[in-house]
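Novice: Sharing a model prediction with you, sequence too.
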Amino acid sequence: MYVGFYDRDVACCDLGGGVAGVGDTVAYPERDYQFFERISTKASELNTSNKSVVSIKQVKQKDTSFGKYYLYLKAQKPGTAVVSVKLKGKTYKTKVIVKKYVNPVQSVKIGSTSVSGSKFNSSSVVNLSYGKFANKKVKTTVVLKNGWKLDDYYYWNSKQQSGAMLPGFEYFPKGEQEGKTVINGHKISVKGGKGFEILIPVINEKSGLMEYVSLGLK
């Protein structure tokens, strides 16, 4: 999963929270193409300044409720490249930094299952059995290594009638592109079938760059 650019004219949603051409995308080398951004019209041009570092493609969607086309990136080796997308005559650019993977996770606990941080040593994605958690509400807690922190999300406490920004993450039932947010240490409702994903944005406190790790329930 990547942080995308924001096309204010035609994009269906803002994944990165930035503006067109502003902000860097951080990725790890991947075997396959990964979702990058969704757009409401076909891009007339897709380019990358260094194809050996990252490549890009677009795929037309059958379900157009979140965008007619999805853009995908494949990060291939550490390095830097500029990805450009031309939409309705206007070109949008974002710098892609492909980094050697560094594990930020100390541990994850989902329900009664503890996942050692060492499981994330070789990959930012760890898969677990969906059946073990299916149709359950499971408390999920992420502990990061020193120098890393979780991204913050707005949480409304209905009992105290007050809100605050607290560390958390997102989860995506199978087939859903719009994630649901949860505060770290709170419960996730696992349903929808195999392919459930828990996406954990983490921030390097020194560099300020955001990266992602995830749990897949297969």
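Specialist: Arrived safely, thanks for sending.
Novice: before we move on, what SS does K119 have?
Specialist: Under DSSP: H, G, I helix; E, B strand; the rest coil, the three-state class of K119 is helix.
Novice: can you tell me which strand in the protein is longest?
Specialist: Using DSSP state E, we find that the single longest strand of the chain is strand 162-172.
Novice: On the C-terminal side of that strand, identify the next helix or strand.
Specialist: strand 180-183 (DSSP states H and E).
Novice: what's the longest strand of the chain packed up against?
Specialist: strand 148-150, strand 152-157, strand 180-183, strand 196-204 (3 or more Cβ pairs under 8 Å, 6 or more residues apart in numbering; DSSP states H and E). In short, each C-beta sits where N, CA and C put it, glycine included.
Novice: Can you list the strands that the lowest-mean-pLDDT helix or strand in the chain pairs with?
Specialist: Within the chain, confidence by mean pLDDT, DSSP states H and E is lowest for strand 24-27 among all helices and strands, at a mean of 72. Neighbouring strands of strand 24-27 in its sheet, by DSSP bridges, are strand 90-98 (parallel).
Novice: okay, the closest residue to A134 other than its chain neighbours: pLDDT?
Specialist: By the measure of Cβ to Cβ, 6 or more residues apart in numbering, the closest residue to A134 outside its immediate chain neighbours is V190, 6.0 Å from it. Looking at V190, its pLDDT is 97.
Novice: same question, K77
Specialist: On the pLDDT scale, K77 gets 89.
Novice: quick one: it is in a helix?
Specialist: No - using three-state DSSP, the assignment for K77 is coil, not a helix.
Novice: so how far is V213 from it?
Specialist: 20 Å (Cβ to Cβ, to the nearest Å).
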